[in-house]
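Student: This is a predicted model, with the sequence first.
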Amino acid sequence: MAAFALHDISKRYGTVLALDGVSLTLRPGQIHGILGENGAGKSTLLNILFGAVQPDRGRIERDGRPLRLTSPRLAIAAGIGLVHQHFHLVDSFTVRENVLLGERTPDRPRLDRLAARLGLWEVLDVAVGGLPVGVRQRVEILKALYRQATLLLLDEPTAVLTPPEVETLFDLLRELRAAGAGVVFITHKLREALELCDTITVLRQGRVVAEYPASQVTADVLAAAMVGEHLASAALGHSATAPPAETVRLRVENLTVPADGSRTALHRISFEVREGEIFGIAGVDGNGQTELAEALVGLRPMQGNLWLDGRPLPAGRRARLASGLRYIPPDRRQSGLALELSVAENAILGDELAPDWRRWGVLLDRAALRQYAGTLIRDFDIRTPHADAPAGALSGGNQQKLLVARELAPQPRVLVAVNPTWGVDVASVATIHRALRGACRQGLGLVLMSNELDEIQALCQRFAVLYRGRLSTSLTFDIPPADLGRLMAGDGPTWERYGRRD
Amino acid sequence: MAAGIEKWHPVGRTVLALLAALAAGMLVLRVAGYAPLPALQVMFQSAFGSPFAVADTLVKATPLALCGLGVALSFRGGQFNIGAEGQMLLGALAAVFLGVRLETPWAVGLVLAASILAGSAWALVAAWLKTTRGVNEVISTLMLNFIAFWLVSWLVHGPLQEASKGYPQTELVSEALWLTRWLPPTRLHSGTLWALVLAVVGYVWLFYTPTGLRLRVAGSSPVAAATAGIALHRMTWLALAVGGGCAGLAGGVEVLGVSHRLYEQFSPGYGYMAVAVALLARQHPLGVIPAAVAFGALEVGAAGLQRAVGVSAGLAGVIEALVMLAVILAGRRDVAA
């Protein structure tokens, strides 16, 4: 069994420093948790360890000797196995065929032995497609072990599992640890890290901010490390706008969405947003943000009641759009913009039927369109060669500004924005924040969902925490930072205190 | 070098691809033992050498343009409709069915409208299968081609066969309905003009109407379209209905303008070539016109080559395939990015 060490690893993607001088030691017979919010650099680190991504700087060692990992093949040869979050299995093949895929000299007794140990003996000749998710994950582990992995990398392995499956997985990992294997467990869930790991390393913005023996650390400390020390001391110094008016713009009552496949169910969510207010919804990604946003804007069937300015909102995306409820989706490249279409065409996506750019009843008035796009380009400082350039040619920041401009320009009454500054350069962040604040001064009610607590703190006075489809009562930043961390981690007693009673 | 070409204007790349394919075709000729340059000259002469030659090329280009337009519009809506052949056959069937019964000249409009509807309906079978059952439209439109072919085959051998029962073909449609011939003895007919007009209409519809904008968003970025509240299923139906309608019209125009009746080998594969036409046109409605002329010329040129030198007409098929490959290569996106 081998020990692996990473020294001073750095990796840059364009303007983003994904990893910044990360050093880690991974010992055999240990479960090493890597904890961090989305975008902290966990996946990059994993991909470097698996040879899929090459670091710009730094070195990797195995038992003190330098190790070159220029491809996953070399990583496997070095005894590193990766269990992807999204399984890489052939559904129509049996478990046995999946494990032996690409093996020239299958060692059948060894496979049988390992399968028995992992509890997969019964299903060895069953097609993978028909197996439950938890079992498929074990097949991935079997694949890695069969290839002599002594260090097992697991990327958010519990994200796809039900609670009993999580328990089974943890038992298996503990067994492997006892047998001397090293395990790297990547997660953003504090409780799981504390329950399972021996050592926990916290990553934030590409750096190792702390490393603890799991036995000597609490959820509070980890939460504070994850979201940033300054939060703990930054209860003051609020820069939000004037106190919002008393008029309620959007009232959400008992919004419920049943579970649907891998989607998170939402349970009786209630909150209200006042005129001119930015209401924050904090929480770690994957706790129902997308589902909540889509239910609010009419893209997802829901139960419960929504009122806009005291009137019930109709169902359906277009009907809600017409009532003045607009949406900045989380992924500008997939769901926000049509990248092959021009900037001008993207500027009216959702409003393409509006009379402002109609000519002779049926035609699009290209001149009016270009003129309208021109005003957005000016007002939001969108850097584009011209209004007819494809949106895909713009940089990420400018694409995001275009998206924000499109949704703000018609002066909506309520805007639902999910991570509106995700992956955007600092200057564009400032432009977007300024635009959002400005719109709120005009009376917009903004629902801001962000996995960056800093952003919510900078823009909101009131906010709530979303965890596994449940929303806390509305909070202010007077809340002790430790409590906030526990809320985001789903700590039971804390939720007793801040959760909604109904 | 390759990286440089990727920066070229798309039209430049397409022309380059066309020339490369032609050069490769000449190479094939050379290997087969013919002198490439004289062969090229013969091909060009037969396709463009005289007004009659040009007329011949345009006669071939007309159904190619209409089918190609249909395929291009379907592609724009994200529907990989390769069923223009079947949709065209259904259009021709509708034209013949009405055409042998109606005798007033003004019924031309009615007959062609029926062709459009028949082609649309045939394509909408694929839309229905896709939106209700999730059947991939590539498979369903292709299979519908075969069904259409055998349907026509059965009809011209049976229920719709001419009264004399001489050949497996239908009666002639009423002479009153025949489209005007512009340059006798060639078969150049007024339908060519209609193809041109329809390409312009398709262009305006696609780029200058809100519906065209929605169709393009749904085709290129379906998630963004759904997020903007565009009903994707409706766009699927629309893309296939419009595509099928154009191909159906091609069938109707071919019946009223050229064949005046329906028989088994009615189409030499216009609907399949239309896929190549649409690709060569880069799915642009106006680009369909030069692309259709290019393929029409290739057909006529290859036939001329066969007459003059005895080269198999299959060569045209080889060159068409080469053109398609070259165009797909030229149009490929930068995968690395």
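Tutor: Yes, it's here.
Student: What degree of burial does the closest residue to chain B within the stretch 351-500 of chain A show, as a neighbour count?
Tutor: Residue nearest to chain B within the stretch 351-500 of chain A: A:Glu352 (4.3 Å; C-beta to the nearest C-beta). The way it works is simple: take the backbone N, C-alpha and C, and place the C-beta from them, glycine included. The burial count assigned to A:Glu352 is 21, neighbours taken as other C-beta atoms under 10 Å in any protein chain shown.
Student: and what of A:Ser43?
Tutor: A:Ser43, neighbours per other C-beta under 10 Å, totals 17.
Student: what helix or strand is it on?
Tutor: Taking DSSP states H and E as the criterion, A:Ser43 maps to helix A:42-49.
Student: That helix: how far from the chain's middle?
Tutor: 16 Å (C-alpha atoms, centre = their mean, to the nearest Å).
Student: Quick check: buried residues in that helix?
Tutor: A:42-49 (16 or more other C-beta atoms under 10 Å in any protein chain shown).
Student: One more: stretch A:138-148?
Tutor: In stretch A:138-148, counting by 16+ other C-beta under 10 Å, buried: A:138-146.
Student: How about stretch A:341-354?
Tutor: Applying 16+ other C-beta under 10 Å to stretch A:341-354 flags A:341-352 as buried.
Student: and A:Leu349, helix, strand or coil?
Tutor: Assigned with DSSP: H, G, I helix; E, B strand; the rest coil, A:Leu349 falls in the coil class.
Student: Surely it and A:Ser342 touch.
Tutor: No: counting by C-beta atoms under 8 Å, A:Leu349 does not reach A:Ser342; the two are 10.7 Å apart.
Student: tell me what the helix or strand in which A:Arg318 is found is packed against?
Tutor: Using DSSP H and E, A:Arg318 sits in helix A:317-322. Under the contact definition 3 or more C-beta pairs under 8 Å, 6 or more residues apart in numbering or on different chains; DSSP states H and E, helix A:317-322 sits against helix A:289-297.
Student: could you dump the buried residues of stretch A:138-148 to TSV with distance to A:Arg117, secondary structure and pLDDT?
Tutor: Shown next, in TSV, are the buried residues of stretch A:138-148 (distance: C-beta to C-beta, whole Å; DSSP: H, G, I helix; E, B strand; the rest coil; pLDDT from 0 to 100):
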residue	distance to A:Arg117	secondary structure	pLDDT
A:Arg138	10	helix	89
A:Val139	13	helix	92
A:Glu140	15	helix	91
A:Ile141	10	helix	91
A:Leu142	9	helix	92
A:Lys143	14	helix	90
A:Ala144	13	helix	90
A:Leu145	8	helix	89
A:Tyr146	11	helix	91
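Student: Adding distance to chain B, write the residues you listed out as a markdown table.
Tutor: Below are the buried residues of stretch A:138-148 laid out as a markdown table (distance: C-beta to the nearest C-beta, whole Å):
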| residue | distance to chain B |
| --- | --- |
| A:Arg138 | 30 |
| A:Val139 | 27 |
| A:Glu140 | 27 |
| A:Ile141 | 32 |
| A:Leu142 | 32 |
| A:Lys143 | 28 |
| A:Ala144 | 29 |
| A:Leu145 | 34 |
| A:Tyr146 | 32 |
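Student: Using a markdown table, lay out these together with distance to A:Arg359.
Tutor: Below are these laid out as a markdown table (distance: C-beta to C-beta, whole Å):
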| residue | distance to A:Arg359 |
| --- | --- |
| A:Arg138 | 62 |
| A:Val139 | 60 |
| A:Glu140 | 57 |
| A:Ile141 | 62 |
| A:Leu142 | 64 |
| A:Lys143 | 61 |
| A:Ala144 | 62 |
| A:Leu145 | 67 |
| A:Tyr146 | 66 |
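Student: which among these gets closest to A:Gly81?
Tutor: A:Ala144 (2.6 Å; C-beta to C-beta).
Student: what sits against that closest one?
Tutor: Listed by C-beta atoms under 8 Å, 6 or more residues apart in numbering or on different chains, the contact set of A:Ala144 reads A:81-83, A:152.
Student: what separates it from A:His84, distance-wise?
Tutor: As judged by C-beta to C-beta, to the nearest Å, A:Ala144 and A:His84 stand 10 Å apart.
Student: can you pull out the helices in the stretch 151-300 of chain B?
Tutor: Counting by DSSP state H, counting those that start in this stretch, the stretch 151-300 of chain B has helices at residues B:191-208, B:210-220, B:222-227, B:232-254, B:270-280, B:288-309.
Student: Can I get the ones you listed in CSV including mean neighbour count and distance to chain A?
Tutor: Listed next are those as CSV, based on neighbours: other C-beta atoms under 10 Å in any protein chain shown; distance: least, C-beta to the nearest C-beta, whole Å:
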stretch, mean neighbour count, distance to chain A
helix B:191-208, 18, 5
helix B:210-220, 23, 4
helix B:222-227, 21, 4
helix B:232-254, 28, 12
helix B:270-280, 28, 16
helix B:288-309, 23, 19
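Student: sorry, back to before: now the residue of the stretch 351-500 of chain A closest to chain B, what's its secondary structure?
Tutor: Per three-state DSSP, A:Glu352 ends up coil.
Student: got it, and B:Gly86?
Tutor: helix.
Student: pLDDT at residue 247, what is it?
Tutor: All of this is about chain A. A:Thr247 is assigned a predicted lDDT (pLDDT) of 87.
Student: That was the other one, I meant chain B.
Tutor: Looking at B:Ala247, the pLDDT reads 97.
Student: for the buried residues of helix A:42-49, which one is nearest A:Gly58?
Tutor: For these, the nearest to A:Gly58 is A:Ile48 (8.5 Å; C-beta to C-beta).
Student: you'd agree the closest one is up against A:Leu69?
Tutor: Yes: with contact defined as C-beta under 8 Å, A:Ile48 counts as touching A:Leu69 (7.4 Å).
Student: so what's residue 200 up against?
Tutor: Chain wasn't specified; assuming chain A. A:32-35, A:193-194, A:211-214, A:217, A:222.
Student: think we crossed wires, I meant chain B
Tutor: Here B:Val200 is in contact with B:285-286 (C-beta under 8 Å, 6+ apart).
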